[in-house]
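Asker: everything below, folded, please.
(chains A and B)
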Amino acid sequence: MIALLGLSWLLFAAAAWWILVSSRRPSLSEELARSDAASPTPRPTLPAATLGASPILRSLRPGLERSGAGLQRLLARAGLSTRRLEERLALAGKVAWPVDPVGDAPARLAGDEQARRTAVALHLGQRVACGVIGFVVLPISSALWGVSLGPAWLWLVLGVVAAASPDASLRGAARRRELELEDGVVGLGLLLSVAVSGGMGVEQALRQAMAAAEGTYGELLRRADRAGRSGVELVAEVARRTGHPQAGVLAATLRASERGTPLEERLRVQAFGMLERRRQRVLERSNRAVTWMVVTTGLLAGVFFVLLGYPALVMIEKSL
Amino acid sequence: MSVWVALALAAGFGLAIAAVQSPASLRRLRVPGGAVRPPEALAGILAGVVVAVWTRLPAAALGVGILAAMAVGTLRADQAERRRLRLRQGLAEVAGRLHDVEAGGQGLAQGIGVVTDTGPAELAAQLAMLRSVSRGAGVEEGLRAFGESVEDPLFRVFAASVAGAYRSGGALQPILSALAETTARRASTEQEIRARVGGLRLAASVVVAITVGLVLYVTAVDPGYLSAYRSGAGQLVMAGGFGGLVGCYWLMLRLGSTPGGSL
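Answerer: Next up, the predicted model:
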């Protein structure tokens, strides 16, 4: 009984740690710390980082892609769309975009579509692999160490939880990168606004702002920059590939400016509007955080009773 | 029993998957207050040693050591947060004053002189540096140094925008006005959130302190009561209990982390 209690605590702690690590969203502090500024990100986001830096998982990639592609076909036959997953993978920077031929728009779009499909297949493959591992962990433990097989529903629960883990990880990554990109869009918008108000042309202002832009967004723009493309095209391409809504708004504003729409004030209003919306989101989150803090205080009180009540329980058990 | 062993194995397996799948997630796992620094480590070790000597319960010593390090880290983070908030309020003032100078028809170089002489005390050193570098190496270089003098992205955006406007001859007033307003609003939001979560953070600290205090008190007045914790299984339960305390306290600090400060 005592050992069971101890092990259950161990399990609780391990599970809590895993959940916190794998699905970590930016904290209130991190989110609000960005709410007024383009924060430089020392860690560049690699566009092809679909499986992290792990050589083990990279070697498993072909198998994962095949199993994921199979699941993808099944989902397509069942009429289930993976569009939302595609968008999330693109936002999280998990799509390995091809280096496309300059000026060949159809080939570029086809290549991008293929890259999206591959990323989805890989992610679905990860889901399948994690699910299978979760499902078989009890039988394998039983075979290796002779522990009980446990009830069948437990195998299923473990399988489902494990299969959901890549999604939890992806959601956190997408949210973090969304904020990084938003910082970049705000920063670029401000720099552009200043440069345009100084009398520069849009293209010249964009080139100057892109050179000075920090963080993931600036990095993506510079990486997409190849001979023959205008700055507006680069901004539009990064917006399309990331699927970031504010980057899309910036691209649309720049496109409109090519038809003579005034740019300076629009850019400034957009940039500060983004910051204001984020501030409001953070306030909303802080309200939710207070509720969870009350729950956590209750849990703390529970731990208090367990720590001080356990010796009494043991004494009572002995005296009976 | 065996089911629990298997479940523990499954959890370990899950952790391994998470770690392999996303090594960066391990780097993101920080202790409250950021990275462990000497004061936190010292407080943790000292508290751990004292409790180990006092109770002779390794799990309690480890748990109290971690909690002490977290508490010191939280205090440090809180101080840094207050300082950062003051600096931001100062920046809002500087942006507002530069805006006024610009509106009065004077240039940026004159504006820098004005804010250095009449600017907020919190930013006195940074403003003095801005003026001296601007005189020696040019306004753009001075602004760059100013932006990098405080570890705050807002300072960098301020410096980059103003330098960009100076370089291109762009309109500075609207940007300065919007920056001053945004910064001031931001500071007020931070204070609002601090006020909202501060009470609950304090409540969590009090519950943790009472729990630890009672364990130590019971050890002193009735050592026999805690004898259940002196077996291997008892130590496991105690480790679980302190693990729960640490986990809940960490979660509490994370949820209630106010803008800009780490837990």
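
Asker: per-residue pLDDT of B:Pro32, please?
Answerer: pLDDT for B:Pro32: 44.

Asker: how about A:Gly201?
Answerer: Value for A:Gly201, per-residue pLDDT: 82.

Asker: what does it show for phi and psi?
Answerer: phi -80, psi 160 (degrees, to the nearest 10).

Asker: and it, how many neighbours?
Answerer: Using other Cβ atoms under 10 Å in any protein chain shown, A:Gly201 has 10 other residues around it. All C-beta spots, glycine's among them, are computed from the backbone N, C-alpha and C.

Asker: from A:Leu263, how far out is it?
Answerer: Going from A:Gly201 to A:Leu263 by Cβ to Cβ, to the nearest Å gives 10 Å.

Asker: so does the longest helix along chain B get close to chain A?
Answerer: Assignment by DSSP state H gives helix B:173-221 as the longest helix of chain B. Yes: shown here: helix B:173-221 in contact with chain A (Cβ under 8 Å from any Cβ of the partner chain) through B:174-175, B:178, B:182-183, B:185-186, B:189-190, B:192-193, B:196-197, B:200-201, B:203-204, B:207-208, B:210-211, B:214-215, B:218.

Asker: where do the helices of the chain begin and end?
Answerer: All of this refers to chain A. Remark: helices assigned in chain A by DSSP H are A:2-22, A:28-33, A:55-59, A:61-77, A:83-91, A:105-145, A:152-197, A:202-212, A:215-224, A:231-242, A:245-257, A:264-319.

Asker: other chain: chain B
Answerer: B:2-21, B:23-28, B:38-55, B:58-103, B:108-118, B:124-137, B:139-149, B:153-168, B:173-221, B:232-255.

Asker: how about A:Gly199, phi and psi?
Answerer: Residue torsions, per degrees, to the nearest 10, at A:Gly199 are phi 100, psi 10.

Asker: what do you get for A:Leu149?
Answerer: phi -70, psi -30.

Asker: run a quick neighbour tally on it.
Answerer: Around A:Leu149 there are 15 residues (other Cβ under 10 Å).

Asker: could you find the closest non-adjacent residue to it?
Answerer: Closest residue to A:Leu149 apart from its sequence neighbours, by Cβ to Cβ, 6 or more residues apart in numbering or on different chains: A:Ser142 at 4.8 Å.

Asker: for B:Ala71, same thing?
Answerer: The nearest residue in space to B:Ala71 (Cβ to Cβ, 6+ apart) is B:Ser205, at 7.1 Å.

Asker: give me the residue ranges of the stretch 1-150 of chain B where confidence is low.
Answerer: B:1-36 (pLDDT under 70).

Asker: what helices or strands is the longest helix of chain B leaning on?
Answerer: Applying 3 or more Cβ pairs under 8 Å, 6 or more residues apart in numbering or on different chains; DSSP states H and E, one finds that helix B:173-221 contacts helix A:28-33, helix A:152-197, helix A:264-319, helix B:38-55, helix B:58-103, helix B:153-168, helix B:232-255.

Asker: those: which one's closest to A:Thr118?
Answerer: Of all those, helix A:152-197 sits nearest to A:Thr118, with 15.3 Å by Cβ to Cβ.

Asker: quick one on the thing from earlier: for the helices of chain B, give me TSV that also has mean neighbour count.
Answerer: Shown next, in TSV, are the helices of chain B (neighbours: other Cβ atoms under 10 Å in any protein chain shown):
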stretch	mean neighbour count
helix B:2-21	19
helix B:23-28	13
helix B:38-55	16
helix B:58-103	21
helix B:108-118	17
helix B:124-137	16
helix B:139-149	19
helix B:153-168	23
helix B:173-221	18
helix B:232-255	22
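
Asker: how about JSON lines for those, with distance to A:Gly146 added?
Answerer: Listed next are the helices of chain B as JSON lines, based on distance: least, Cβ to Cβ, whole Å:
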{"stretch": "helix B:2-21", "distance to A:Gly146": "8"}
{"stretch": "helix B:23-28", "distance to A:Gly146": "32"}
{"stretch": "helix B:38-55", "distance to A:Gly146": "36"}
{"stretch": "helix B:58-103", "distance to A:Gly146": "29"}
{"stretch": "helix B:108-118", "distance to A:Gly146": "75"}
{"stretch": "helix B:124-137", "distance to A:Gly146": "67"}
{"stretch": "helix B:139-149", "distance to A:Gly146": "61"}
{"stretch": "helix B:153-168", "distance to A:Gly146": "56"}
{"stretch": "helix B:173-221", "distance to A:Gly146": "37"}
{"stretch": "helix B:232-255", "distance to A:Gly146": "21"}
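
Asker: if we can go back for a sec, of the helices and strands packed on helix B:173-221, which approaches A:Leu234 most closely?
Answerer: Here helix A:152-197 is closest among the helices and strands packed on helix B:173-221 (Cβ to Cβ), at 11.0 Å.

Asker: ok, the closest residue to B:Thr183 other than its chain neighbours - contacts?
Answerer: Once flanking residues are discounted, B:Thr183 sits nearest to B:Ala92: 3.8 Å by Cβ to Cβ, 6+ apart. Counting by Cβ atoms under 8 Å, 6 or more residues apart in numbering or on different chains, B:Ala92 makes contact with B:179-180, B:183-184, B:187.

Asker: nearest to B:Ala61 among the residues you listed?
Answerer: Of these, the one sitting nearest to B:Ala61 (Cβ to Cβ) turns out to be B:Ala187, at 41.6 Å.

Asker: mind pulling up the pLDDT for the closest one?
Answerer: pLDDT, B:Ala187: 78.

Asker: based on its surroundings, how many neighbours for the residue in the stretch 51-200 of chain A that chain B sits nearest to?
Answerer: Nearest residue of the stretch 51-200 of chain A to chain B, counting by Cβ to the nearest Cβ: A:Gly198, 3.0 Å away. By other Cβ under 10 Å, the residues close to A:Gly198 number 19.

Asker: check the one 5 residues further on too.
Answerer: By the measure other Cβ under 10 Å, the count of residues near A:Glu203 is 13.

Asker: ok, now which ones touch the residue lying closest to it once chain neighbours are set aside?
Answerer: Nearest non-adjacent residue to A:Glu203, counting by Cβ to Cβ, 6+ apart: A:Gly231, 5.3 Å away. Shown in contact with A:Gly231 (Cβ under 8 Å, 6+ apart): A:202-203, A:206-207, A:210, A:254.

Asker: B:Gly256 too?
Answerer: When contacts are counted by Cβ under 8 Å, 6+ apart, B:Gly256 touches A:289, A:293, B:197-198, B:200-201.

Asker: next one: A:Leu300
Answerer: B:204, B:207-208, B:211, B:245, B:248-249, B:252.

Asker: at 10 Å instead, please
Answerer: A:Leu300 is in contact with B:203-208, B:210-211, B:244-245, B:247-249, B:251-252, counting by Cβ atoms under 10 Å, 6 or more residues apart in numbering or on different chains.

Asker: now do B:Val139 against A:Gln204, distance only.
Answerer: Using Cβ to Cβ, B:Val139 is found at 21 Å from A:Gln204.

Asker: er, B:Glu148 actually
Answerer: Going from B:Glu148 to A:Gln204 by Cβ to Cβ gives 26 Å.

Asker: could you do B:Leu214 as well?
Answerer: Remark: distance between B:Leu214 and A:Gln204 (Cβ to Cβ) = 69 Å.

Asker: how about B:Ala47?
Answerer: 61 Å.

Asker: also A:Arg127?
Answerer: In this structure, A:Arg127 and A:Gln204 are 47 Å apart, going by Cβ to Cβ.

Asker: and B:Gly63, by the same measure?
Answerer: B:Gly63 is 61 Å from A:Gln204, by Cβ to Cβ.

Asker: so, low pLDDT: which residues of the stretch 101-250 of chain A?
Answerer: A:101-103, A:147, A:227.

Asker: at 80 what do you get?
Answerer: The stretch 101-250 of chain A contains residues with pLDDT under 80 at A:101-108, A:141, A:144-150, A:194, A:197-200, A:212-214, A:226-228.

Asker: show me what contacts the residue lying closest to B:Met238 once chain neighbours are set aside?
Answerer: Computed as Cβ to Cβ, 6+ apart, the closest residue to B:Met238 that is not its neighbour in sequence is B:Ala59, at 4.0 Å. When contacts are counted by Cβ under 10 Å, 6+ apart, B:Ala59 touches B:51, B:229, B:234-243.
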